[in-house]
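Student: Turn this into a structure:
(one chain, ligands or ions: 1)
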Amino acid sequence: MAYENIRLEKDGPIAVLTVDRPKALNALNSATFHEMDDAIRSLKDDTRALIVTGGGDKAFVAGADIAEMVTITAAQAREFSALGHHVFQSLENLPIPTIAAVNGFALGGGLELALGCDLIYASEKAKLGLPEVTLGVIPGFGGTQRLTRLVGRSRAKELLFTADRIDAARAKEIGLVLDVVPADKLMEHCRAVAARILKNGPLAVAQAKRVVEYGADQDLRSANELERQGFAVLFGSEDQREGMAAFLAKRPAAFQGK
Ligand code: DAK
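Tutor: Numbering: from 1, shown residues only. Sure, this is the predicted structure:
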């Protein structure tokens with residue numbers, strides 16, 4: 001599939017998905033979602049980390065495309081919402097870490113996209129918020145729920161009700177972003193984090209993601225059972241034997257993802 005609204009670039013084991021509609025500050029319309037869906041599906045086993053960012057120098061993603069939403073019916077809104085949910089869920093389902101490099105405005109659907117990633121880093125010029133109530137709607141791509149789970153009910157409600165646009169430093173303060181870095185260092189920072197992850201056993205990283213994703217919404221007892229299963233299953237892998245043998249032999253591990 002040829003892409004008009006995104007770019008997917010491979011740099012060794014790291015893929016970079018750039019939402020690239022700078023004229024509309026990378027706003028997410030249906031076509032963009034379909035391209036993102038295709039790009040995520042196209043990732044092969046040799047991709048071991050995905051960085052998501054925005055094209056141009058102003059925005060990560062300035063939201064869902066308001067021009068496309070202005071006249072849609074409730075039924076179409078449900079469909080559009082389901083499409084966004086599907087794409088962001090498929091980021092969570094990927095067995096590799098996903099990193100949002102928030103390089104500018106991350107508003108509405110843009111913040112929801114970042115929230116669909118495992119790790120969020122922001123440039124000093126990033127501005128984040130959920131302005132949906134100013135438009136007479138609420139976030140429709142999982143933002144109400146993911147934000148609440150990340151920063152707690154109270155802060156989530158504050159952002160949802162006020163539509164405040166917060167800067168990167170404040171976003172870090174409330175636990176919405178992990179680190180704030182100078183704009184020209186953001187991609188380097190995200191690649192360096194990915195590189196640290198890539199040194200580790202890929203099956204173990206995938207299990208760690210899986211047990212956190214599936215366990216976070218369960219009671220502790222069930223979640224811990226999930227962890228036990230994930231832990232046990234890794235003992236059937238070559239990577240476990242390699243990782244432990246390498247430690248004992250005082251050499252770096254050569255993981256194969258098997
Ligand atoms: N959609 C469409 N176009 C957008 C856009 C957006 N979200 N954001 C910016 N643009 C376009 C502008 O219309 C403008 O286009 P032209 O006039 O040049 O043709 C161009 O990008 C440049 O924007 P500005 O001229 O406004 O640039 P400024 O630097 O002055 O301002 C800004 C930047 C980010 C502060 C401003 O553009 C802005 O406030 N943008 C809208 C931000 C926003 O409200 N985002 C939230 C969108 S609502 C649901 C599903 C999803 C959602 C809700 C419900 N269901 C299905 C139930 C989610 C909703 C949202 O995300």
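Student: Count the neighbours of Phe33 for me.
Tutor: 23 (other Cβ atoms under 10 Å). C-betas here are computed from N, CA, C, even on glycine.
Student: swap in Val233?
Tutor: With other Cβ under 10 Å as criterion, Val233 counts 13.
Student: in which helix or strand would I find it?
Tutor: For Val233, the element it lies in under DSSP states H and E is helix 220-234.
Student: other SSEs contacting that helix?
Tutor: When contacts are defined as 3 or more Cβ pairs under 8 Å, 6 or more residues apart in numbering; DSSP states H and E, helix 220-234 packs onto helix 202-215.
Student: nearest spatial neighbour of Arg7, skipping sequence neighbours?
Tutor: Thr18 (4.4 Å; Cβ to Cβ, 6 or more residues apart in numbering).
Student: scratch that, Phe231 is what I was asking about
Tutor: Gln207 is the one closest to Phe231 (Cβ to Cβ, 6+ apart), at 7.8 Å.
Student: For Pro97, give me its contacts.
Tutor: Ala49, Leu50, Asp118, Leu119, Ala194, Ile197, Val205, Lys209 (Cβ atoms under 8 Å, 6 or more residues apart in numbering).
Student: Surely the fifth one is in contact with Ile99?
Tutor: So that's Ala194. Yes - between Ala194 and Ile99 there is a contact under Cβ atoms under 8 Å: 6.3 Å.
Student: rewinding a little: with only the CA atoms kept, save the helix or strand containing the residue nearest to Arg7 in PDB.
Tutor: In the assignment (DSSP H and E), Thr18 maps to strand 14-19. Provided in PDB are the C-alpha atoms of strand 14-19 (Å, rounded to 0.1, in the frame of the first residue of the first chain):
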ATOM      1  CA  ILE A  14      13.900   0.100  14.700                       C
ATOM      2  CA  ALA A  15      11.000   1.300  12.700                       C
ATOM      3  CA  VAL A  16       9.800   4.900  12.700                       C
ATOM      4  CA  LEU A  17       6.200   5.700  11.900                       C
ATOM      5  CA  THR A  18       5.700   9.400  11.100                       C
ATOM      6  CA  VAL A  19       2.200  10.800  10.800                       C
END
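Student: and that strand, how far from the chain's centre?
Tutor: 11 Å (Cα atoms, centre = their mean, to the nearest Å).
Student: Thanks a lot, see you next time.
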